[in-house]
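Undergrad: Quick check, what structure comes out for this input:
(one chain, ligands or ions: 1)
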Amino acid sequence: MCGIVGYVGPRAATEVVVGGLQRLEYRGYDSAGIAIYDPEQGLQLRRSVGKLSNLVQRLGQQPAIGHVGMGHTRWATHGNVTEENAHPHRDASGRVVVIQNGIVENYLELKSRLLEMGYHFQSQTDTEVIAHLVGHYYREEQALEPALRRALAELRGGNAVVAFCVDEPERLIVARLGNAGGVVIGTAPGETFVASDVPAILDYTREMVFLEDRELAVITRTGVTISTLSGAPVTRTPVNVPWDPVAAAKGDYKHFMQKEIHEQPRALMDILRGRIDQEAGQVQLEDLTLDDRALRRVERIYVTACGTAWHAGLMAKFMIESLARVRVEVDYASEFRYRGPILGDDALLLAITQSGETVDTLAAMEEARAQGVPSVAIVNAIGSQAARLADGGPIYLHAGPEIGVASTKAFTSMLAAAYLFALRLGQARGTLKPAQIREHLQAMVELPGKAATVIEQSLPICAELAERYHRASDALFLGRQANYPIALEGALKLKEISYIHAEGYPAGEMKHGPIALIDEDLPVVCIAPRDAIYEKMISNIEQVRARHGQVIAIGTTGDTLLATKADHVIEVPATLPLLQPILTVIPLQIFAYDMALRRGCDVDQPRNLAKSVTVE
Ligand code: F6R
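TA: Residues are numbered from 1 along each chain as shown. The predicted structure is shown next:
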């Protein structure tokens with residue numbers, strides 16, 4: 001939450017910083033601001049409420065010139081959405097500026113101390129406290145680095161902070177405390193970049209270093225010097241991030257979400273690359289450090305995640321229990337960390353996260369580490385904190401950057417990654433013979449083509465459905481077994497981008513309450529592929545119809561019976577039962593997208609949401 005960008009080098013800093021913020025706007029869009037420095041113009045602060053486009057407009061009237069600067073896109077935590085509360089924030093002298101991603105938990109205490117010392121505050125934010133503290137210590141230290149170190153020593157909470165002082169105009173200093181915000185530093189000859197996330201600086205470099213918790217980096221044109229907050233030097237070799245800048249651009253698509261929906265066949269192919277040997281019936285996960293022996297020792301897996309990733313976690317339970325016969329519990333990461341879980345010697349934690357930055361998921365991983373339990377992370381963002389915390393290794397999705405706030409391609413890739421992990425586990429534990437693995441892999445290899453078919457078939461039907469149902473105030477999504485998490489995911493997609501109240505339910509539970517909602521105005525989306533539970537699902541559809549609900553069914557290609565039971569049917573090709581959700585969810589993504597579009601909603605940046613949830 002909140003995006004930060006900084007630059008030192010020969011280019012026009014405003015261009016680099018604003019360009020970077022445009023790539024990070026998914027992290028928050030309540031307000032945006034930049035601070036650019038030039039020896040002649042001095043420190044130029046420009047801030048605007050609302051989307052980044054407002055700031056860009058402002059910069060058209062009042063340009064900011066210079067070769068060093070920082071910018072911020074805000075997801076409000078402390079203080080309303082106002083220009084005064086937009087970052088960057090200045091100290092009392094106006095010579096120090098600061099941006100922050102995260103929360104200063106003890107800001108009230110620090111603020112009252114600063115007020116007593118005679119400081120005046122311009123905003124209600126916790127970040128201004130950091131600015132004043134740094135300015136205060138600067139007066140004593142006459143140097144930014146020790147001043148920032150002293151200020152950081154007083155903060156509680158998790159933050160990523162960038163600071164600049166006009167008296168040291170050739171450098172930015174960035175620091176990271178806790179897990180509330182990733183910091184990536186990009187280097188190129190004669191220039192250095194800093195950002196909360198890789199896509200912001202991909203246009204300029206792929207050589208990147210990631211700052212760890214309690215580290216500080218001094219950024220100049222010639223590179224970066226990293227040390228711990230206590231001052232010990234840190235040597236870190238840059239990693240080469242293999243993402244293509246084009247992948248982080250919208251291209252010909254109207255929205256990132258639309259683009260990412262269409263990228264799913266490609267992503268489902270990429271996730272298999274170099275990982276499967278169909279002939280031998282084997283799965284190899286290149287970064288997994290747990291060998292067969294370690295995998296055989298695992299008797300219990302705790303899956304933990306948030307939001308859409310948690311839905312993928314529910315699916316992972318089905319997959320792992322069925323293919324590898326290991327007991328699985330699934331927890332919301334935000335609950336897991338506070339319930340005092342007793343994990344045990346034979347446990348493994350499986351974290352699932354697109355961004356690799358979700359603060360609760362990271363905290364759950366830390367809880368596992370504290371109990372001596374290894375963790376594995378199914379993660380998309382290369383080099384992210386989750387990938388680094390996973391001592392059992394990351395399983396990268398290789399889905400490319402996901403920018404749309406509503407997760408789509410990362411979700412289907414998470415399902416495929418969980419399936420691969422379940423196969424790998426089954427292979428190590430002997431619950432699956434090579435011939436069986438071969439069969440599963442064959443089904444996985446066929447998925448990209450089938451996903452492409454689903455997209456093609458769903459587009460015209462979903463456009464019609466949106467035309468018909470976009471004025472609905474509620475919607476119900478029903479599924480059973482493996483398609484129950486998909487009902488949850490369909491409801492989440494619809495509510496988060498179209499603001500229609502939607503609920504996902506196990507279809508068998510409908511009679512225990514939600515059935516009361518059904519009337520002739522309620523669209524009821526029923527996920528009913530031809531699987532072991534199909535007939536039960538048909539009975540549930542009959543129950544909906546008997547109450548005049550409008551049934552939109554997702555069913556297997558050629559299912560003539562379903563066509564007689566539902567008002568609308570979207571067909572998906574058949575595959576193995578636990579892979580079927582990868583296909584059944586796609587029409588639901590397209591349906592949500594079309595509904596939101598028809599309602600005039602901002603699909604990529606739905607209100608109140610941000611993509612990387614780095615605060616509790
Ligand atoms: C919904 C959505 C969120 C995320 C959740 C976890 O479309 O995207 O629910 O799934 O915030 O994020 P990650 O996967 O980055 O940990």
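Undergrad: Going by neighbour count, list what's buried in stretch 28-40.
TA: Across stretch 28-40, burial judged by 16 or more other CB atoms under 10 Å covers 28-38. No exception for glycine: its C-beta is placed from N, CA and C like everyone else's.
Undergrad: what's the offset of it from the middle of its chain?
TA: Here stretch 28-40 is found 25 Å from its chain centre; the criterion is CA atoms, centre = their mean, to the nearest Å.
Undergrad: Any chance you could give me that stretch in PDB, C-alpha atoms only?
TA: Coordinates of each C-alpha in stretch 28-40 appear next as PDB, following Å, rounded to 0.1, in the frame of the first residue of the first chain:
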ATOM      1  CA  GLY A  28      -2.900   3.500  -3.700                       C
ATOM      2  CA  TYR A  29      -4.600   6.300  -5.500                       C
ATOM      3  CA  ASP A  30      -6.000   8.600  -2.800                       C
ATOM      4  CA  SER A  31      -3.400  11.300  -3.600                       C
ATOM      5  CA  ALA A  32       0.000  11.700  -5.100                       C
ATOM      6  CA  GLY A  33       3.000  14.000  -4.700                       C
ATOM      7  CA  ILE A  34       6.600  14.600  -5.700                       C
ATOM      8  CA  ALA A  35       9.600  16.500  -4.400                       C
ATOM      9  CA  ILE A  36      12.200  17.400  -7.000                       C
ATOM     10  CA  TYR A  37      15.400  19.300  -6.300                       C
ATOM     11  CA  ASP A  38      17.500  21.500  -8.500                       C
ATOM     12  CA  PRO A  39      20.200  23.900  -7.300                       C
ATOM     13  CA  GLU A  40      18.600  26.900  -8.900                       C
END
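Undergrad: ok, and does that stretch reach over to the ligand?
TA: No: using CB under 6 Å from any ligand atom, stretch 28-40 stays clear of the ligand, coming no nearer than 13.1 Å.
Undergrad: one step back: now flag whichever of the buried residues of stretch 28-40 is closest to V8.
TA: Closest to V8 out of these is Y37 (9.8 Å), distances taken as CB to CB.
Undergrad: give me phi/psi at the closest one?
TA: phi -120, psi 140 (degrees, to the nearest 10).
Undergrad: what does T205 give?
TA: For T205, the backbone dihedrals (degrees, to the nearest 10) come out as phi -160, psi 160.
Undergrad: Quick check, it in contact with G186.
TA: Yes: counting by CB atoms under 8 Å, G186 is a contact partner of T205 at 4.2 Å.
Undergrad: intersection of neighbour lists for the two?
TA: The contact sets of T205 and G186 overlap at F193 (CB atoms under 8 Å, 6 or more residues apart in numbering).
Undergrad: Compare the two (neighbour count), which wins?
TA: G186 (26 against 18; other CB atoms under 10 Å).
Undergrad: Where is the longest helix in this protein?
TA: Longest helix in the chain by number of residues (criterion: DSSP state H): helix 434-469.
Undergrad: Around the ligand, pick out the residues from the stretch 451-600 of the chain.
TA: 492, 496.
Undergrad: all helices of the stretch 451-600 of the chain, in order?
TA: Counting by DSSP state H, counting those that start in this stretch, the stretch 451-600 of the chain has these helices, from start to end: 484-498, 534-546, 560-565, 580-598.
Undergrad: Next, the angle helix 484-498 makes with the longest one.
TA: Here helix 580-598 points in a direction 20 degrees away from that of helix 484-498 (axes from the mean of the first three to the mean of the last three CA atoms, to 10 degrees).
Undergrad: and helix 580-598, what other elements does it pack with?
TA: helix 256-262, helix 409-429, helix 434-469, helix 484-498, strand 523-528, strand 550-556, strand 568-572 (3 or more CB pairs under 8 Å, 6 or more residues apart in numbering; DSSP states H and E).
Undergrad: tell me what the fifth one is packed against?
TA: For strand 523-528, the elements it packs on are strand 474-479, helix 484-498, helix 534-546, strand 550-556, helix 580-598, judged by 3+ CB pairs under 8 Å, 6+ apart.
Undergrad: Dump those to a markdown table, plus mean pLDDT.
TA: Formatted as a markdown table, the helices and strands packed on strand 523-528 follow (pLDDT from 0 to 100):
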| stretch | mean pLDDT |
| --- | --- |
| strand 474-479 | 97 |
| helix 484-498 | 97 |
| helix 534-546 | 94 |
| strand 550-556 | 97 |
| helix 580-598 | 98 |
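Undergrad: Turn these into TSV, columns for mean neighbour count.
TA: Shown next, in TSV, are the helices and strands packed on strand 523-528 (neighbours: other CB atoms under 10 Å):
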stretch	mean neighbour count
strand 474-479	26
helix 484-498	26
helix 534-546	17
strand 550-556	25
helix 580-598	26
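Undergrad: mind putting these in CSV, distance to P199 included?
TA: Formatted as CSV, these follow (distance: least, CB to CB, whole Å):
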stretch, distance to P199
strand 474-479, 31
helix 484-498, 20
helix 534-546, 40
strand 550-556, 32
helix 580-598, 21
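Undergrad: Pick the most deeply packed of the helices and strands packed on helix 580-598.
TA: Of all those, strand 523-528 has the most neighbours on average by mean count of other CB atoms under 10 Å, namely a mean of 28.
Undergrad: At which residues are the helices of the stretch 51-200 of the chain located?
TA: 52-61, 107-116, 127-141, 144-152.
Undergrad: Could you write out the alpha-carbon coordinates of the shortest one in PDB?
TA: Provided in PDB are the C-alpha atoms of helix 144-152 (Å, rounded to 0.1, in the frame of the first residue of the first chain):
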ATOM      1  CA  LEU A 144      21.200  13.100   6.800                       C
ATOM      2  CA  GLU A 145      22.300   9.500   7.400                       C
ATOM      3  CA  PRO A 146      22.900   9.700  11.100                       C
ATOM      4  CA  ALA A 147      19.800  11.900  11.500                       C
ATOM      5  CA  LEU A 148      17.600   9.300   9.700                       C
ATOM      6  CA  ARG A 149      19.200   6.500  11.700                       C
ATOM      7  CA  ARG A 150      18.300   8.300  15.000                       C
ATOM      8  CA  ALA A 151      14.800   9.000  13.800                       C
ATOM      9  CA  LEU A 152      14.200   5.400  12.700                       C
END
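Undergrad: Going by neighbour count, which residues of that helix are buried?
TA: Neighbour count says helix 144-152 has 144-145, 147-152 buried, by 16+ other CB under 10 Å.
Undergrad: Among those, which one lies nearest to H120?
TA: Nearest member of the buried residues of helix 144-152 to H120, counting by CB to CB, is A151, at 17.8 Å.
Undergrad: Could you list the low-confidence segments of the chain?
TA: Residues of the chain that meet the criterion pLDDT under 70 lie in 180, 246, 611-616.
Undergrad: And the most centrally placed residue in it, how close does it get to the ligand?
TA: Geometric centre of the chain, nearest residue: S355, 3.6 Å, by CA atoms, centre = their mean. Distance, S355 to the ligand, by CB to the nearest ligand atom, to the nearest Å: 3 Å.
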